[in-house]
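[1] Coordinates for the following, if possible.
(one chain, ligands or ions: 1)
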Amino acid sequence: MNATALEITGLEKRFPRFSLGPISLSVPSGTIYGLIGPNGAGKTTLLDQIFGMGLPDAGSIQVNGLDHVRHEVEVKQSAAYVGPDLSYMAWGKVSRAIRFVRGFHPGWDESLATRLMQSFGLSAGDRIATLSFGGRMKLALVLAMAWRPQFLVLDEPTTGLDAHSKKSLFSELLTIVKDESRTVLLSSHQISDLERFADQVSILHQGRVLTSGTTSALVESHLQLEFRSKDLLLRGLPGLTVQEQAGDRWRAVLDTHRTSVAGLTSRGVQDLHAQPLSLEELFLALTQ
Ligand SMILES: Nc1ncnc2c1ncn2[C@@H]1O[C@H](COP(=O)(O)OP(=O)(O)OP(=O)(O)O)[C@@H](O)[C@H]1O
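    Residues are numbered from 1 along each chain as shown. This next block holds a predicted model:
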């Protein structure tokens, strides 16, 4: 087993009006890894690159130690992707879509498919054309998960899912990563879900990774601060993200790995109040 499910090194992809990267990130095997970013941050572009939808302009991507271009077939035999385009209309019924897809996958697990369908409230006889967006997302998830891929990549999988289905999905994802050779990478705007379920996250903004790490460590290493200071040079302090400044009143987020609270007070700040943040508050502060 490879200890690293995904290794991205110096990845760049340039479009006329958007550039992704350079991005380097490492997704450990046996984890749920979350990608967070505002609309247009580059999450889908990054996930698309893994599956060869357009070649990168620079950098490399390895899935379980295999280059995603040179070993495209092996990579695709071990990885499943659920993206935002969910049209299965041509298959008519859910049962037909399942019959069609399972034939490609020797590892297809019929009892898992049945269990997933039950927990998502999908029926074999459902007509795909009459499924809601959430219903088609559930079908896509069943088709991707039932053959037990080693690497499962989900682009916004909770879009359209109700609270019960979301709960079922995350409980399935947690079951998957109990097997340390299997890994889940997902992008989501549901930051509170990622805070609960993701082992690690990366925050993307304008094509770059702003910060990444173990979800709990990332949250614990940042503080919401309010203080007074007339020192405008604080704006350049490493790890201090200023949210508001009016006169000598500041509101900011501090990355305590880069500058400690003591380091800040040694600069003469006064009336300092510090409190912990949620992942969502950290995301909002860093990407505002
Ligand atoms: N094929 C393409 N040609 C030109 N520009 C593109 C192409 N694909 C994506 N882009 C641009 O790349 C940028 C990032 O888009 P992307 O879909 O990766 O963002 P995202 O983080 O997934 O956003 P969202 O949260 O809205 O899904 C956007 O500005 C988009 O217009």
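[2] Count the residues that sit near the closest residue to residue 199 other than its chain neighbours.
    Sequence neighbours aside, residue 31 is the residue nearest to residue 199 in space, at 4.0 Å (criterion: Cβ to Cβ, 6 or more residues apart in numbering). (Glycine included, C-beta is placed from N, CA and C.) For residue 31, the tally of surrounding residues (other Cβ atoms under 10 Å) stands at 18.
[3] Over to residue 98?
    With other Cβ under 10 Å as criterion, residue 98 counts 22.
[4] Can you tell me the closest non-neighbouring residue to it?
    Using Cβ to Cβ, 6+ apart, the closest residue to residue 98 is residue 113 (6.4 Å).
[5] what about that neighbour, helix or strand, and which?
    Element membership for residue 113, per DSSP states H and E: helix 110-120.
[6] Ok, residue 143 next?
    For residue 143, the host element (DSSP H and E) is helix 133-145.
[7] who does whichever helix or strand comes after that helix touch, helix- and strand-wise?
    Next in sequence after helix 133-145, counting helices and strands by DSSP H and E, comes strand 151-155. Packing partners of strand 151-155 (3 or more Cβ pairs under 8 Å, 6 or more residues apart in numbering; DSSP states H and E): helix 43-50, strand 79-82, helix 133-145, strand 183-187.
[8] 7 Å - rerun?
    When contacts are defined as 3 or more Cβ pairs under 7 Å, 6 or more residues apart in numbering; DSSP states H and E, strand 151-155 sits against helix 43-50, strand 79-82, strand 183-187.
[9] and of these, who's closest to the ligand?
    Distance to the ligand, taken as Cβ to the nearest ligand atom, is lowest for helix 43-50 among those, at 3.3 Å.
[10] contact partners of that closest one?
    Helix 43-50 is contacted by residues 11, 13, 20, 23, 35, 37, 54, 56, 61, 63, 68, 84, 153, 155, 187, 204 when judged by Cβ atoms under 7 Å, 6 or more residues apart in numbering.
[11] ok so, going back, could you redo the helices and strands packed on strand 151-155 as CSV and give each row mean pLDDT, distance to residue 268 and mean neighbour count?
    Formatted as CSV, the helices and strands packed on strand 151-155 follow (pLDDT from 0 to 100; distance: least, Cβ to Cβ, whole Å; neighbours: other Cβ atoms under 10 Å):
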stretch, mean pLDDT, distance to residue 268, mean neighbour count
helix 43-50, 93, 41, 22
strand 79-82, 93, 52, 21
strand 183-187, 96, 42, 26
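[12] Show me what the mean pLDDT comes to for stretch 231-243.
    Stretch 231-243 shows a mean pLDDT of 91.
[13] end-to-end on that stretch?
    One end of stretch 231-243 to the other measures 16 Å (Cα to Cα, to the nearest Å).
[14] How many residues are close by the closest residue to residue 64 other than its chain neighbours?
    Of all residues not flanking residue 64 in the chain, residue 2 sits nearest, at 4.5 Å (Cβ to Cβ, 6+ apart). By the measure other Cβ under 10 Å, the count of residues near residue 2 is 16.
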